[in-house]
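Novice: I would like to see how this sequence folds:
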Amino acid sequence: MKKPLTLALSLVMAFSLAACGSKPAEQAAPAPSNGSAAPAKEVTLKVGATAVPHAEILNSIKDKLKAEGVNLEVKEFTDYVQPNVQVFEKQLDANFFQHTPYLDDQNKAKGMNLVKVVGVHIEPFGAYSQKIKKADELKDGATVAIPNDPSNSGRALALLEKNGLIKLKEGAGISGTVKDIVENKKNLKIRELEAAMLPRVLPEVDLALINTNYALEAKLNPTKDALFIEDSNSPYVNLLVARPDNKDSEAIQKLAKALNSPEVRKFIEDKYQGAVVPAFK
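Specialist: Here you go, the predicted structure:
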């Protein structure tokens with residue numbers, strides 16, 4: 001009689017434990033919905049940029065993107081090489097610092113396939129000096145510094161030609177090199193240097209042609225300090241650049257839309273006073 005009784009007691013206890021075990025599951029169940037949808041997961045977007053004006057423009061739209069579920073992280077660079085390399089290697093999602101001729105040149109030179117997402121602004125390229133006030137004051141044998149990357153050196157030479165300081169062979173245009181100079185009446189000595197170095201060597205040369213982002217970082221005002229400068233018809237629109245695999249992603253497209261917004265147009269016009277010109281309507 002003891003064995004059947006023990007079995008019965010065991011069954012009762014097992015049933016009781018099972019019943020007790022169901023209670024925590026009921027308590028762990030999610031609370032009833034109040035009718036509001038769960039918030040969308042925030043996406044982090046890492047974008048490389050040179051400090052001025054690109055990073056400043058990006059930082060101006062951080063809050064706007066945050067409200068749209070995009071956490072914008074801006075990584076600042078002082079050179080033109082690493083932002084493309086890091087996007088290509090997927091360390092960054094996108095970058096914002098360059099124009100189409102430079103992008104095309106880097107894609108070809110380094111075997112990359114980065115692509116334009118949207119154009120944002122133009123930075124008119126200018127010539128600066130601490131030694132003269134006008135271009136015609138340049139003396140025979142004066143030293144002129146220009147960027148050494150192909151797209152910007154050709155741009156600099158074309159601007160020198162437009163202002164009557166040199167003459168390039170016919171058809172050279174913005175693709176010209178120092179070897180294409182066919183007339184140099186003042187025997188100008190052209191020094192090709194890394195673009196970021198040009199503001200620093202300004203005291204050592206007679207004239208330097210400097211990209212506007214580096215001019216602004218050096219506290220130069222392109223509309224006031226440049227001896228001569230490109231007009232607003234410059235083809236060098238600065239771009240938001242990404243990879244083929246992510247250029248159409250929702251986060252990248254939200255960034256592109258924000259960069260072409262009325263708020264960014266006003267920010268550019270108010271802050272840079274013509275030194276940077278919006279390239280969108």
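
Novice: run through the strands of the stretch 1-150 of the chain in chain order.
Specialist: Under the criterion DSSP state E, counting those that start in this stretch, the stretch 1-150 of the chain contains strands at 43-50, 70-77, 94-99, 115-122, 126-128, 143-147.

Novice: neighbouring strands - and their directions - for the second one?
Specialist: What it means is strand 70-77. When pairs are called by DSSP bridges, strand 70-77 turns out to pair with strand 43-50 (parallel).

Novice: over to the fifth one?
Specialist: The partner list of strand 126-128 in its sheet, established with DSSP bridges, is strand 207-210 (antiparallel), strand 228-229 (antiparallel).

Novice: in TSV: those, plus mean neighbour count, mean pLDDT and distance to Ala251.
Specialist: The C-beta positions use only the backbone N, C-alpha and C, and glycine is treated the same way. Output for the strands paired with strand 126-128, formatted as TSV (neighbours: other Cβ atoms under 10 Å; pLDDT from 0 to 100; distance: least, Cβ to Cβ, whole Å):
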stretch	mean neighbour count	mean pLDDT	distance to Ala251
strand 207-210	28	98	33
strand 228-229	20	95	36
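
Novice: with distance to Gln86 as extra columns, can I get these in a markdown table?
Specialist: Formatted as a markdown table, the entries for those read as follows, by distance: least, Cβ to Cβ, whole Å:
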| stretch | distance to Gln86 |
| --- | --- |
| strand 207-210 | 25 |
| strand 228-229 | 31 |
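
Novice: which ones are touching the closest residue to Ser175 other than its chain neighbours?
Specialist: Distance criterion Cβ to Cβ, 6 or more residues apart in numbering; nearest residue to Ser175, sequence neighbours excluded, is Gly154 at 5.0 Å. Counting by Cβ atoms under 8 Å, 6 or more residues apart in numbering, Gly154 makes contact with 101, 172-177.

Novice: which one of the residues you listed is nearest Gln91?
Specialist: Closest approach to Gln91 among the contacts of Gly154 (Cβ to Cβ): Pro101, at 24.3 Å.

Novice: confidence score at that closest one?
Specialist: At Pro101, the predicted lDDT confidence score is 92.

Novice: how far away is the residue nearest the centre of the chain from Tyr214?
Specialist: Geometric centre of the chain, nearest residue: Phe96, 1.2 Å, by Cα atoms, centre = their mean. Spatial separation of Phe96 from Tyr214 under the definition Cβ to Cβ, to the nearest Å is 15 Å.

Novice: sounds good, over and out.
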